[in-house]
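**Q** After the sequence you'll find the predicted model.
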Amino acid sequence: MRKILENAFKGVVGELIGTHVPRDPLGIYGHEQEQKKRYQVLKRFGIYKSDTNNDTFKSPAVSSLSEEYYRKFYMEVVKFPNSYPFAIVVSRDNINIVSNTGAGFSGEMEVDAEDKSLALNRSKNITHIIDYEDESAYDVVYNLLTDFDKKVLRTISEFRNVQHLQILREFGDKTNKIEKSLERLNRLYLIQKFRFKLPNEAEQEYGFCYAIYSHGSYLLMKHMDLSPQYAYKWKEQQRREDDYSPIRHWKIMDAYLNFRFHKEFAGFVSYTYLNQFTYTEKIELRKAKHQPSSKDEEQFMNSANVRVPEKVKEITRLVRRVRFNGQILLYNQETKKTTKFDLYPFITTDKQDSDLSKLETIFKHYGRFNNGLDAEGNKRFLLIIVDNPSVIALIEEEYRLSDRYVSLENILFMDLSESKKDFFSSIKRIKHFDDSNPELRTVQFKIAENM
């Protein structure tokens, strides 16, 4: 459990600008820094002051998109900048600058000049051809990476597909440093680069995103002691649900980028399951039609209003296992309890095999929780990530959560359009049906009150 709760990036803003205090989850008040400097720090992590209220912060989500954008969305692979296999020039004592050979690219790739372990030693240089067919190739490449490279690689692996802007917000570091790291990982064939068209309102036409590559996945397993539970393997990258899979990963990353500022944030788990189960359902069969054998019998049945008993049949139904490609963990130091948020990015609404239709199975799982607690006794919520309030209304219309669902308190919605105004109020829950007010009503979900 201890290992699960550790996260390399926990409290990164708090460490920079102050200690968390009540009603100040970002730690930005009561600090000696000038207010202007505090806001400059927050901007590096994608957090901005509200246009209307200085006490409110907003965090625009890159994955908050329109139906029209989904219809036109496509993504294409960006060709690797150098051919494969490639060469790395090293000395007998140190790893040196990468030199790529072959058609398409010739030259040197920059490394972090501050990293003394990568200092150039021009004597006794040797060349390694990297084709990743033996273990030594991974050893050479791993020793070439900076600590920052390893953090970037691990983040891309955990979140599967990450936009360039999301990586900038995750680390809050200098853009030039991050871009050099991404370029290095791409030239080493550890990550793959993609290009996609940005929404119409964007200033530039195309954006870039990155996914783990097969060699990067294996390097994480071999050298960084990363459990398969926390690494998104390259083979799974090939098993996309549909063309929108990358956007679903972006939505999960956006949810994480908001949650990480909560003072009780404990970590992110790349994927979790709810195991399959069975339940018994009783079905009333149609009444058996009894044909009277005589007029006397018919007259008796009519006069006595004799009712033929209905037959009841018990059917055992199977609810299949469901997988979530992201879970947020919050840990309460006082109660020593963990609260889990299973992330469910929502896009498609077709009748079959869509995000909307899959919710039926997921709701059956959450309906089994006793007082909102899972089998381990921890609170567990389903967080459906939506683009706008109309999607919440669509789900309510399909499943009537406010009227039928017993464990409604476990079902939450993250409205990405709301995070543009105030990211702390973007999480909502549906209120139970009220005869006096049949309209859909949502209320803000306050995390601190539900830990």
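**A** That came through fine. Residues are numbered from 1 along each chain as shown.
**Q** Residue 327 is in contact with residue 256, correct?
**A** No - the pair residue 256 and residue 327 fails to qualify as a contact (C-beta atoms under 8 Å) at a distance of 9.9 Å. Every C-beta, even on glycine, is put in place using the N, C-alpha and C of the backbone.
**Q** Need the overlap of contacts for these two.
**A** residue 268 (C-beta atoms under 8 Å, 6 or more residues apart in numbering).
**Q** Which of these two has more residues huddled nearby?
**A** When neighbours are counted by other C-beta atoms under 10 Å, residue 256 and residue 327 differ, and residue 256 comes out ahead with 22 against 19.
**Q** Just to be sure, that one is in a helix?
**A** Yes - with the criterion set as DSSP: H, G, I helix; E, B strand; the rest coil, the secondary structure at residue 256 is a helix.
**Q** what helix or strand does the nearest residue to it once chain neighbours are set aside sit in?
**A** Leaving aside its sequence neighbours, residue 256 sits nearest to residue 268 (C-beta to C-beta, 6 or more residues apart in numbering; 5.4 Å). Element membership of residue 268, judged by DSSP states H and E, is strand 265-269.
**Q** strand partners of that strand, parallel vs antiparallel please.
**A** Partner strands and pairing direction for strand 265-269 (DSSP bridges) are strand 327-332 (antiparallel).
**Q** Identify each buried residue in the strand it pairs with, please.
**A** Neighbour-count burial for strand 327-332, counted by 16 or more other C-beta atoms under 10 Å, picks out 327-331.
**Q** likewise stretch 339-357?
**A** The neighbour-count check on stretch 339-357 (16+ other C-beta under 10 Å) flags 339-348, 355-356 as buried.
**Q** Filter the residues you listed down to just the ones in helices.
**A** Counting by DSSP state H, the members of those that fall within helices are 355-356.
**Q** So which residues of the stretch 251-400 of the chain form strands?
**A** Counting by DSSP state E, counting those that start in this stretch, one finds strands in the stretch 251-400 of the chain at the ranges 265-269, 272-274, 277-284, 312-319, 322-324, 327-332, 337-345, 379-386.
**Q** Tell me the spacing between residue 76 and residue 243.
**A** Relative to residue 243, residue 76 is positioned 12 Å away (C-beta to C-beta, to the nearest Å).
**Q** I should have written residue 440 there, sorry.
**A** Plainly put, residue 440 is 30 Å away from residue 243 if you go by C-beta to C-beta.
**Q** Could you check which of the two is surrounded by more residues?
**A** Set side by side, residue 440 and residue 243 give different neighbour counts by other C-beta under 10 Å, the larger being at residue 440 (16 against 13).
**Q** In contact with the more buried one, which residues?
**A** With contacts taken as C-beta under 8 Å, 6+ apart, residue 440 has the following neighbours: 392-393, 396, 402, 430.
**Q** can you check residue 355 too?
**A** Residues in contact with residue 355, defined by C-beta under 8 Å, 6+ apart, are 344-349.
**Q** Show me which of those residues is closest to residue 198.
**A** residue 347 (17.4 Å; C-beta to C-beta).
**Q** next one: phi and psi at that closest one?
**A** Note on residue 347: its backbone torsions stand at phi -130, psi -60 [degrees, to the nearest 10].
**Q** Please name the nearest non-neighbouring residue to it.
**A** Spatially, and ignoring its direct neighbours in sequence, residue 347 is nearest to residue 244 (4.9 Å; C-beta to C-beta, 6+ apart).
**Q** residues near the one you found, how many?
**A** So residue 244, with other C-beta under 10 Å, has 19 neighbours.
**Q** Switch the contacts of residue 355 over to CSV; also include pLDDT.
**A** Written out in CSV, the entries for these read as follows (pLDDT from 0 to 100):
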residue, pLDDT
344, 98
345, 98
346, 97
347, 96
348, 94
349, 92
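**Q** what's the closest of those residues to residue 216?
**A** Distance from residue 216 was checked for each of those by C-beta to C-beta. The minimum falls on residue 345, at 23.2 Å.
**Q** Double-check that closest one against residue 252; I have them as touching.
**A** Yes - the pair formed by residue 345 and residue 252 meets the contact definition of C-beta under 8 Å, at 5.9 Å.
**Q** hey, what's in contact with both of these two?
**A** Once C-beta under 8 Å, 6+ apart is applied, the residues that residue 345 and residue 252 both contact turn out to be residue 385.
**Q** burial count for residue 62?
**A** For residue 62, the tally of surrounding residues (other C-beta under 10 Å) stands at 24.
**Q** And the strands in the stretch 101-250 of the chain?
**A** With DSSP E, counting those that start in this stretch as the criterion, the stretch 101-250 of the chain has strands spanning 107-109, 126-130, 161-163, 191-197, 206-212.
**Q** on that earlier part again, I'd like the buried residues of strand 327-332 written out as TSV, with pLDDT and distance to residue 82 added.
**A** Formatted as TSV, the entries for the buried residues of strand 327-332 read as follows, by pLDDT from 0 to 100; distance: C-beta to C-beta, whole Å:
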residue	pLDDT	distance to residue 82
327	95	37
328	95	38
329	95	39
330	94	43
331	92	44
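**Q** Could you list the low-confidence segments of the stretch 351-451 of the chain?
**A** Flagging of the stretch 351-451 of the chain using pLDDT under 70 yields the residue ranges 404-407, 422-424, 433-438.
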